[in-house]
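[1] generate a structure from the sequence data that follows.
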Amino acid sequence: MADERTDLILDIKNLKVIYKTDMEVVEAVNNIDLRIGRGKTLGLVGETGAGKTTTALSILRLLPAVTGKVLEGEIHFDGQNLMEFDEHFMHAIRGNRISMVFQDPMTSLNPVLTVGDQIAEAISLHNDQLSKEEIDKKVEDTLSMVGILPKRKSDYPHQFSGGMKQRVVIAIAMICNPELIICDEPTTALDVTIQAQVLSLIGEMQKRSGVSTIFITHDLGVVAHVADR
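    Numbers count the residues shown, from 1 in each chain. Just a heads-up that it's a prediction; the model follows:
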């Protein structure tokens, strides 16, 4: 029987995170352990302020530099403790091997860049050997994959509905074929019908690519629908 740990994409041990200001110290995450297997979906459930997003930002090492601090704990991704590496190493990890879909597509996208340019930027950051034509083809293929007509790559975010914007955000998150994707309440800002479509899309993408997923939500119905654990 295979060692269970070798089948883990993420193994968090005893993580403790605080936010410290001149006024107070807030204990945001208190000594949590969290494990997720390859190709699996883990539901992270809790009320607002429970520390769900803080946990996600800790994985990506994106806590606010001035106030956020990991006091103790280890975050092992694919066998490597991310807490031991510098920013240069994390830059190569973020968006490439670990991606994140944020809660609000309105603030996730740059309003002055076309959606095609924003997807292309995500590709070129981690694939500088690709030609402009190859990047353009990848942008069109990815838009098609999330159910958006490739010709809309020249449109700006304000020309898309909330649900379509979230599809673009998912396309950006998936473009580099990450091994782990963190979905931080990706359906909260959407109506129920569009929520179902986005959840279905995330499920399809996971089946197609085998990506592991952390699905953050306060909605138990959503967890029941998407999560293995």
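[2] alpha carbons only for contacts and neighbour counts from here, please
    Fine.
[3] where does the protein have its least confident helix or strand?
    When the helices and strands of the chain are compared on mean pLDDT, DSSP states H and E, helix 105-108 comes out lowest with a mean of 82.
[4] toward the C-terminus, what is the element adjacent to that helix?
    Next along the chain after helix 105-108, taking DSSP states H and E as the criterion, comes helix 115-126.
[5] tell me which residues in the least confident helix or strand of the chain are buried?
    105-106 (16 or more other Cα atoms under 10 Å).
[6] same question, stretch 74-85
    Buried residues in stretch 74-85, counted by 16+ other Cα under 10 Å: 74-78, 82-83.
[7] and that stretch, how far out from the chain middle?
    17 Å (Cα atoms, centre = their mean, to the nearest Å).
[8] give me the contacts around that stretch.
    With Cα atoms under 8 Å, 6 or more residues apart in numbering as the test, stretch 74-85 has contacts from 6, 8-15, 59, 61, 90.
[9] quick one: list the elements packing against the least confident helix or strand of the chain.
    Counting contacts by 3 or more Cα pairs under 8 Å, 6 or more residues apart in numbering; DSSP states H and E, helix 105-108 is packed against helix 162-174.
[10] any weak-confidence spans in the protein?
    For the chain, applying pLDDT under 70 flags the ranges 1-6.
[11] who's in contact with stretch 173-182?
    By Cα under 8 Å, 6+ apart, stretch 173-182 touches 9, 56, 95-101, 119, 122-123, 126, 142, 209-216.
[12] show me which of the residues you listed are buried.
    9, 56, 95-101, 119, 122-123, 126, 142, 210-216.
[13] for Leu71, give its distance to Ala171.
    As defined by Cα to Cα, to the nearest Å, Leu71 lies at a distance of 34 Å from Ala171.
[14] nearest residue to the middle of the chain?
    What sits nearest the mean C-alpha location of the chain, by Cα atoms, centre = their mean, is Met100, with 1.5 Å.
[15] among the buried ones among the contacts of stretch 173-182, which are in strands?
    9, 98-101, 212-216 (DSSP state E).
[16] do a quick rundown of the helices in the chain.
    52-59, 87-93, 105-108, 115-126, 132-145, 162-174, 192-209, 220-226 (DSSP state H).
[17] would JSON lines of the buried residues of stretch 74-85 with distance to Glu134 be doable?
    Supplementary listing: the buried residues of stretch 74-85 in JSON lines, determined by distance: Cα to Cα, whole Å:
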{"residue": "Glu74", "distance to Glu134": "38"}
{"residue": "Ile75", "distance to Glu134": "35"}
{"residue": "His76", "distance to Glu134": "33"}
{"residue": "Phe77", "distance to Glu134": "30"}
{"residue": "Asp78", "distance to Glu134": "29"}
{"residue": "Leu82", "distance to Glu134": "32"}
{"residue": "Met83", "distance to Glu134": "35"}
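[18] the residue nearest to Lys151 when sequence neighbours are not counted - how many residues pack around it?
    Leaving aside its sequence neighbours, Lys151 sits nearest to Glu140 (Cα to Cα, 6 or more residues apart in numbering; 7.7 Å). Residues near Glu140, counting by other Cα atoms under 10 Å, number 19.
[19] quick check, Glu140 in contact with Lys153.
    Yes. Counting by Cα atoms under 8 Å, Lys153 is a contact partner of Glu140 at 7.3 Å.
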